[in-house]
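In: Okay, predicted coordinates and the sequence, questions at the end:
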Amino acid sequence: MTGRFSFNWKNFDPSSPDSVAVVSTLIVACAFFMEAIDANIIVTALPAMARGFGKDPVALKIAVTSYVVSLGVFIPVCGWLADRFSARAVFRTAIGIFVAGSLMCAASPSLHLFTFARFIQGIGGALMVPVGRIIVVRAVPKHLFIRAMNYLSITWVVGPILAPLLGGFIATYLHWRMMFLINVPVGILGIYLSGNYIANTKEAHPGAFDWAGSVLSASGATLVLLGLSLVGSGIIEDFTAWEMFIAGAILLAIYVLHARRATHPVLDLRFFDIPTFRASVLGGSLFRIGCGAIPFLLPLSLQVGLGKSAFESGLITCATAFGSLFMRPLMSMTLRRFGFRQVLLYNAVFSAITTSLCAFFTPGSSTLTIWLIVLVGGFFSALQFSSLNSMLYADIPGASVGRATSLGSVVQQVSLGLAVAVSGIVLQISRALHGHAQVEASDFWPAFLIAGLFALGSIPLIYRLPANAGDEMARAKAKS
């Protein structure tokens, strides 16, 4: 099997590193695919779910945000848990939590319980994906590593393409609750295969973990995001939601003080002293608040505003993933030719324009025109996201990559949560100003324009970078 990446279950040899590498990667890839589908499938079905719960579709933003919140909260602890209790044990537990959350979502009789169930699901996803990467890194020999990563990357490409189509089809022709039941047999099979085919490895001395910092940062981020998402939802009083937001902001401020004094903080804020990291994470967070609102706003506007079915909406929104797919082979060439700084500056403008164009969709707009705009927007936003994620590591020492990744991942997830929360609030304000009892087509354009302005927010931080920022990495990408 040396040099190849293929597998026959009948020929599995636990003493063969190549055999273990292939089967471990396939199991992890299936889990990644399940999480990628679930993370993207819900947005297309939001109007149908809102009708089932008797709520306004905008109120369902809390269901999207609660999942993202749990991702951001639990990602930092994944590496330590995998070292302490073994990656296999944590991975199987993560799949179990994800399946349990899926069953709870399918059975939830109210938005309150559904929100809690999505949070539980997110815990499983937060543990499953990073620990799955650890399993692959430890199991795969270097001569098979690139091929293994290519297998994993398929899930990140195909998942976002299929999810809107699958979610739209189920919501239109079946019942939205079936979206979550799909995870059950896949998850049970994953638990069984993981226990039989993944090696049980762990570190003898994983070291101390910053539990105080973890509680402060996790509680603060949760209260901030959930507080904003609950504004106008009808689940709790708006005054209480703003109290949650303020309490979360205070906890985050306390964490900043804690991180300055702690020897090994769970999220090391000193990385923000590095210009390329600061521009990538902080500038990128503003960009994500803008373009990250599109997966939430676009399906709602297509269905609630333009009167399309959930399946028709899925056929359009999947264009974003196709745009991302077309971008991948061009990224290295683009960065080699123009460099990080120039690509990020101009591409932020292009992304903001395509995001803002969604404000002008009307019931009379051509479906082909809408699809092409969404496709181009997916291309530019994917190029921006990928470039930002790459530049994050431009000046990070090898020994600090893990801690930098944790901080960057948490800020990214929080930014995506803020994207949904902020766009939902803008949409609710627009509806109130128009005097509409329910969201209508004319209520969406301010939210898309605000999202476009946020996409431009990364420009000041990027502009301060030197012209050759990250050039060594850009050239390396071109050679790889």
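Out: The structure has been received and is ready for your questions.
In: So for Leu286, what's the pLDDT?
Out: At Leu286 the predicted local confidence, pLDDT, stands at 90.
In: ok, it to Ala348 distance?
Out: Computed with C-beta to C-beta, to the nearest Å, the distance linking Leu286 and Ala348 is 9 Å. All C-beta spots, glycine's among them, are computed from the backbone N, C-alpha and C.
In: The two: which has the busier surroundings?
Out: Neighbours of Leu286 and Ala348, each counted by other C-beta atoms under 10 Å, are more numerous for Ala348; the result is 26 against 20.
In: In this structure the more buried one contacts Gly452, no?
Out: No. Because the distance of 10.3 Å does not satisfy C-beta atoms under 8 Å, Ala348 is recorded as not touching Gly452.
In: Which pLDDT value belongs to the closest residue to Ala45 other than its chain neighbours?
Out: Closest residue in space to Ala45, ignoring its immediate chain neighbours: Ala171 at 3.9 Å, by C-beta to C-beta, 6 or more residues apart in numbering. The pLDDT attached to Ala171 in the predicted structure is 88.
In: Check which helix or strand Ala171 maps to.
Out: Secondary structure here is read from DSSP states H and E; on that basis Ala171 sits in helix 142-173.
In: re earlier: quick one: common contacting residues for Leu286 and Ala348?
Out: With C-beta atoms under 8 Å, 6 or more residues apart in numbering applied, the overlap between the contact sets of Leu286 and Ala348 consists of 455, 458.
In: Spell out the residue ranges of the strands in this structure.
Out: Secondary structure of the chain (DSSP state E): no strands located.
In: just for it, where's the confidence low?
Out: Along the chain, the model assigns pLDDT under 70 to residues 1-20, 142-147, 149-150, 153, 156-157, 202-207, 398-399, 401-402, 473-480.
In: Tell me which residue lies nearest the centroid of it.
Out: Among the residues of the chain, the one closest to the centroid is Gln413, at 6.0 Å (C-alpha atoms, centre = their mean).
In: Could you find the closest non-adjacent residue to that residue?
Out: In space, not counting the residues next to it along the chain, Gln413 is nearest to Gly72; the distance is 3.3 Å by C-beta to C-beta, 6+ apart.
In: That neighbour and Val414 touch, don't they?
Out: Yes. Gly72 lies in contact with Val414 (C-beta under 8 Å); the separation is 5.0 Å.
In: Mind listing the shared neighbours of those two?
Out: 221, 225.
In: returning to that earlier point: and the residue nearest to Ala45, what does it touch?
Out: 44-45, 47-49, 179, 310-311.
In: next one: Leu449
Out: Residues near Leu449 by C-beta under 8 Å, 6+ apart: 356, 359.
In: again with Pro160
Out: Neighbouring residues of Pro160 by C-beta under 8 Å, 6+ apart: 36, 40, 318, 320-321, 324.
In: Which one of these is nearest to Leu230?
Out: Sorting the contacts of Pro160 by how near they are to Leu230, with C-beta to C-beta, puts Asn40 at the top with 23.0 Å.
In: which one is the closest one nearest to, not counting chain neighbours?
Out: In space, Asn40 comes closest to Ala163 once its chain neighbours are excluded; the distance is 3.5 Å by C-beta to C-beta, 6+ apart.
In: what about that neighbour, how many residues close to it?
Out: Quick note: Ala163 (other C-beta under 10 Å) scores 25 neighbours.
In: isn't it right up against Phe33?
Out: No. Taking contact to mean C-beta under 8 Å, the distance of 10.1 Å between Ala163 and Phe33 leaves them out of contact.
In: count of neighbours near the residue nearest to Gln413?
Out: The number of residues packed around Gly72, counting by other C-beta under 10 Å, is 24.
In: what residues are up against Ile134?
Out: For Ile134, the residues meeting the contact criterion (C-beta under 8 Å, 6+ apart) are 78-79, 82, 87.
In: now those residues in CSV, with neighbour count and distance to Val266?
Out: Supplementary listing: the contacts of Ile134 in CSV, determined by neighbours: other C-beta atoms under 10 Å; distance: C-beta to C-beta, whole Å:
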residue, neighbour count, distance to Val266
Cys78, 24, 11
Gly79, 22, 10
Ala82, 27, 15
Ala87, 31, 19
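In: Which single one of those is nearest to Thr355?
Out: Checking the contacts of Ile134 one by one against Thr355 (C-beta to C-beta), the nearest turns out to be Cys78, at 31.7 Å.
In: Show the contacting residues for that closest one.
Out: With contacts taken as C-beta under 8 Å, 6+ apart, Cys78 has the following neighbours: 90, 126-127, 130-131, 134.
In: Check Asn200 too.
Out: Residues touching Asn200, when contacts are defined by C-beta under 8 Å, 6+ apart, comprise 86, 88-89.
In: Between which two of the contacts of Ala171 is the distance greatest?
Out: In these, two members sit farther apart than any others by C-beta to C-beta. They are Met49 and Phe311, at 15.0 Å.
In: Looking at the two, which is more packed in?
Out: More crowded of Met49 and Phe311, by other C-beta under 10 Å: Met49, with 22 against 18.
In: Might one say that the more buried one is in contact with Ala59?
Out: No. Met49 is not in contact with Ala59 according to C-beta under 8 Å; the separation is 10.2 Å.
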